[in-house]
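>>> what's the 3D shape of this:
(one chain, ligands or ions: 1)
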Amino acid sequence: MNGLVGDYPLTLQHLLWRGERLHTHKEIITRREQGIHRITYPAMIQRAARLAGALRRLGIGPEGRVGSLAWNNWRHMELYYAVPCMGSVLHTLNARLHPDQLAYVIEDAQDQVIVVDRSMLPALERIRDRIPGVRQIVVMSDDRQPGLEGALDYEDLIEGESSEFAWPNLDERQACTICYTSGTTGNPKGVLYSHRSQLLHAMAALAADLVSVSEQDVILPVVPMYHVNAWGLPYAAGLSGANLVFPDRFLADGQVLCELTNDERVTILAGVPTIWMGLLQYLRQSGKRLPTVRFVLCGGSAAPPVLIEGMDQVGLTILHAWGMTETSPLGSVARVGSWIPEGTTMAARLSQGRAGALVEVRLADLSSDSEVPWDGESIGELQCRGPWVASAYYKHAGPDRFTDDGWLRTGDVASIDPDGYIRLVDRTKDVIKSGGEGISSVELEGLIMAHPKVREAAVIGLPHPKWSERPVAYVVAGDDGPPSAEELREFLEAKVPRYWLPDEIRFIDEVPKTSVGKFDKRALREDAVPLTGV
Ligand code: AMP
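Numbering: from 1, shown residues only. Reported below is the predicted structural model:
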């Protein structure tokens, strides 16, 4: 017998009604060069309705793809509302991707229209002739000068449209947004979120044991809106009615963050450890403090002890969380359990935390795949499943990343203690996390090995106080003797973004290998001399 409760679809359209009817006092606030921009939720939603009308007119139908290449600002928020709620799919693009990858993901996702902040236009212009599927580029700027032939101005586009859009009825399983992973080997893979997954994820962010977002909060997501939907915080804010404060392109500036936080009475900050190391340094130097902040949500890379302790000293609490693009990203949060005695809480705070409600985790032995006990010592691959955890990649890329019984293989190696606290010890996939951005060691190796004077190259990330990690290349010379480090750097400069360039190039006689002949990066890491000057 079925229950008799409304089978009401879990779609992001709930945010439209709540925003218009209930969040009338609440605002989306953006720091711009010319000063602060403020817009209420109802006004933002009316503009989103105009945008939906304009996109329809540009031929974006049900399931049509719209790319966004934009900073954290109110116009990007309008895209977050308009595109999914009209039944189309928003593809948030990372301007820091290598041009080859950017072109690849745009074509792979079949983006038809791209809406771009003018300051990010150069990234798109570089690949304009490699994205034939894109029919129209729309440029967002304050002076209404698109600055690109054939492009439309965003404000001109939405100006003439009605603020009453007939939002269609949607199935909760329908796709709403797509993000691509950093791409460890080969091309990035698309994670296609559904309305249901995103709404449930937003509800989870409201839970007291997870992020505890409430109407009373003022959230400042420093994490970019192109990185896993700014960790879902714009939707959590839209559901609860929390004010949102956006730093636009002044994402990493300690002074800007400090001023914005104090001026707008921010209660939740969210971003990667690198940003918080910078903010900590600024707070120490300036003597300023952020008394309104409840906690600083920190994820994407491991939060180092110096950060957690340093923040404690300036009156800020780090809330450490683990997640992935594939997990929307909220997977686990390091809240201190009620049974843990005061004065002994650091181990729990430093861990990657316990799985959030509705997310299940397990550990699989790295060779046999059998389940590993939660004894706090045995390690295995962390696997998870849940209603906002991907069950496949877009176009069935990388099927081996999912187990036969439907769990996601995270590629993270961890232990779990009897209380459920997860501790990440390594990654099976070796992505180097520099300032919250992934660098593919495998890709770098491939490029270095393309140099005529190189025989073998292995790249690992070594700890760096500012960037979390920086790449170091271990190079074995070919028969003609080694290239100089300068030669190699120049060789790479033309092929990768600047932040991918290895901090050091170390020449060795042979790369250590595993029993099956793969580069043994764990051995390299264990023997590695720390980065010079760090
Ligand atoms: P991405 O999909 O780019 O967000 O990267 C996800 C990966 O970032 C995870 O698989 C982890 O390797 C790493 N990661 C995320 N959060 C943490 C954390 N709190 N501690 C350590 N690594 C993390």
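>>> quick one, longest helix in this structure?
helix 41-57 (DSSP state H).
>>> what mean pLDDT does the helix or strand that comes right after it have?
Remark: after helix 41-57, the chain's next helix or strand is strand 65-69, criterion DSSP states H and E. Averaged across strand 65-69, pLDDT comes to 98.
>>> ditto for stretch 95-109
Here the average pLDDT along stretch 95-109 is 91.
>>> tell me the buried residues in that stretch?
95-97, 101-106, 108-109 (16 or more other Cβ atoms under 10 Å). In short, each C-beta sits where N, CA and C put it, glycine included.
>>> from the chain's centroid, how far away is the helix or strand Leu79 falls within?
Assigned by DSSP H and E, Leu79 belongs to helix 74-85. Between the centre of helix 74-85 and the centre of its host chain there is 17 Å, according to Cα atoms, centre = their mean, to the nearest Å.
>>> in TSV: the buried residues of stretch 95-109, plus distance to Gly3 and secondary structure.
As requested, the buried residues of stretch 95-109 are exported to TSV (distance: Cβ to Cβ, whole Å; DSSP: H, G, I helix; E, B strand; the rest coil):
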residue	distance to Gly3	secondary structure
Ala95	47	coil
Arg96	48	coil
Leu97	46	coil
Gln101	47	helix
Leu102	47	helix
Ala103	49	helix
Tyr104	46	helix
Val105	42	helix
Ile106	44	helix
Asp108	41	helix
Ala109	38	helix
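>>> which of the residues you listed are close to the ligand?
Among these, proximity to the ligand is found for none (Cβ under 6 Å from any ligand atom).
>>> in TSV: the residues you listed, plus distance to Val296.
TSV is the format used below for these (distance: Cβ to Cβ, whole Å):
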residue	distance to Val296
Ala95	25
Arg96	23
Leu97	27
Gln101	30
Leu102	30
Ala103	36
Tyr104	34
Val105	30
Ile106	33
Asp108	35
Ala109	32
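>>> closest to Leu297 among the residues you listed?
Arg96 (21.5 Å; Cβ to Cβ).
>>> who's in contact with the closest one?
By Cβ atoms under 8 Å, 6 or more residues apart in numbering, Arg96 lies in contact with 437, 497, 499.
>>> ok, the residue nearest the centre of the chain to the ligand distance?
Closest residue to the average C-alpha location of the chain: His227 at 2.7 Å, with Cα atoms, centre = their mean. Distance of His227 to the ligand, given as Cβ to the nearest ligand atom, to the nearest Å: 7 Å.
>>> repeat that for Ala208.
Distance from Ala208 to the ligand, by Cβ to the nearest ligand atom: 20 Å.
>>> going forward can the numbers begin at 197, since that is how I track them
OK, 197 is where the count begins now, so the last one is Ala404.
>>> so what's the backbone phi/psi at that residue?
Here is the backbone geometry of Ala404 (degrees, to the nearest 10): phi -60, psi -30.
>>> neighbours of it, just the number please.
9 (other Cβ atoms under 10 Å).
>>> check what pLDDT it gets.
pLDDT, read off for Ala404, is 97.
>>> next one: Asp565
With respect to pLDDT, Asp565 has a value of 86.
>>> and it, what does it touch?
Thr599.
>>> what's the helix or strand for the residue nearest to Ala498 when sequence neighbours are not counted?
Nearest in space to Ala498, with sequence neighbours left out and distances taken as Cβ to Cβ, 6 or more residues apart in numbering, is Leu620 at 6.3 Å. Here Leu620 sits within strand 618-623, counting by DSSP H and E.
>>> where does the stretch 547-696 of the chain dip in pLDDT?
622-625, 638 (pLDDT under 70).
>>> got the residue ranges for the strands in it?
550-551, 556-560, 576-581, 604-612, 618-623, 627-630, 633-636, 650-660, 664-673 (DSSP state E, counting those that start in this stretch).
>>> how many neighbours does Ala588 have?
16.
>>> try Ser574
12.
>>> can you give me phi and psi for the closest residue to Ser574 other than its chain neighbours?
Closest residue to Ser574 apart from its sequence neighbours, by Cβ to Cβ, 6+ apart: Val568 at 4.7 Å. Main-chain dihedrals, Val568, degrees, to the nearest 10: phi -100, psi 140.
>>> now swap in Arg545 and tell me
When quoted as degrees, to the nearest 10, the phi and psi of Arg545 stand at phi -70, psi -30.
>>> quick check: it vs Val529, distance?
Distance, Arg545 to Val529, using Cβ to Cβ, to the nearest Å: 11 Å.
>>> quick one, which of those two is more surrounded?
Val529 (24 against 21).
>>> residues from the stretch 397-546 of the chain in reach of the ligand?
So the stretch 397-546 of the chain meets the ligand at 424, 495-498, 516, 518-521, 525 (Cβ under 6 Å from any ligand atom).
>>> which of those residues sits closest to Ala588?
Distances from Ala588 to these, taken by Cβ to Cβ, are shortest for Thr521, at 13.6 Å.
>>> one step back: ok, the residue nearest to the centre of the chain - contacts?
290, 375, 496, 632.
>>> state the pair within the residues you listed that is farthest apart.
Cys375 and Gly632 (14.3 Å).
>>> higher neighbour count, these two?
Shown here are Cys375 and Gly632; by other Cβ under 10 Å, Cys375 has more neighbours (26 against 21).
>>> quick one: the strand or helix carrying that one near the ligand?
Under the criterion of DSSP H and E, Cys375 resides in strand 371-376. No. Strand 371-376 is not in contact with the ligand by Cβ under 6 Å from any ligand atom; minimum separation 8.3 Å.
>>> show me what the mean pLDDT comes to for that strand.
97.
>>> need the next SSE after that strand, C-terminal direction.
Next along from strand 371-376, by DSSP H and E: strand 386-390.
>>> picking up where we left off before, shared neighbours, Arg545 and Val529?
Once Cβ under 8 Å, 6+ apart is applied, the residues that Arg545 and Val529 both contact turn out to be His516.
>>> per-residue confidence at Val707?
84.
>>> can I assume it is in contact with Arg651?
No. Checked against Cβ atoms under 8 Å, the pair Val707 and Arg651 is beyond contact range at 9.1 Å.
>>> which one of these two has more residues nearby?
Val707 (19 against 14).
>>> so who does the more buried one touch?
652-654, 670, 672, 715-716, 720.
>>> what does Glu522 give?
377, 387, 585-586, 597, 604, 606.
>>> close to the ligand as well: tell me which of these qualify.
377, 606.
>>> among the contacts of Glu522, which one sits closest to Trp663?
Closest to Trp663, out of all of those and judged by Cβ to Cβ, is Thr377, at 20.0 Å.
>>> count of neighbours near the closest one?
The burial count assigned to Thr377 is 24, neighbours taken as other Cβ under 10 Å.
>>> that one and Pro342, how far apart?
31 Å.
>>> ditto for Asn268
21 Å.
>>> ok, those two, which is more surrounded?
Asn268 (26 against 19).
>>> now the more buried one: how far from the ligand?
Distance from Asn268 to the ligand, by Cβ to the nearest ligand atom: 16 Å.
>>> beta partners for that residue?
Asp444 (DSSP bridges).
>>> likewise for Arg605?
Gln579.
>>> surely it and Arg581 touch.
No. The pair Arg605 / Arg581 is not scored as a contact, 10.7 Å apart, by Cβ under 8 Å.
>>> ok, Thr207 - how many residues close by?
Around Thr207 there are 24 residues (other Cβ under 10 Å).
>>> now it: closest residue in space that isn't a chain neighbour?
His391 (3.9 Å).
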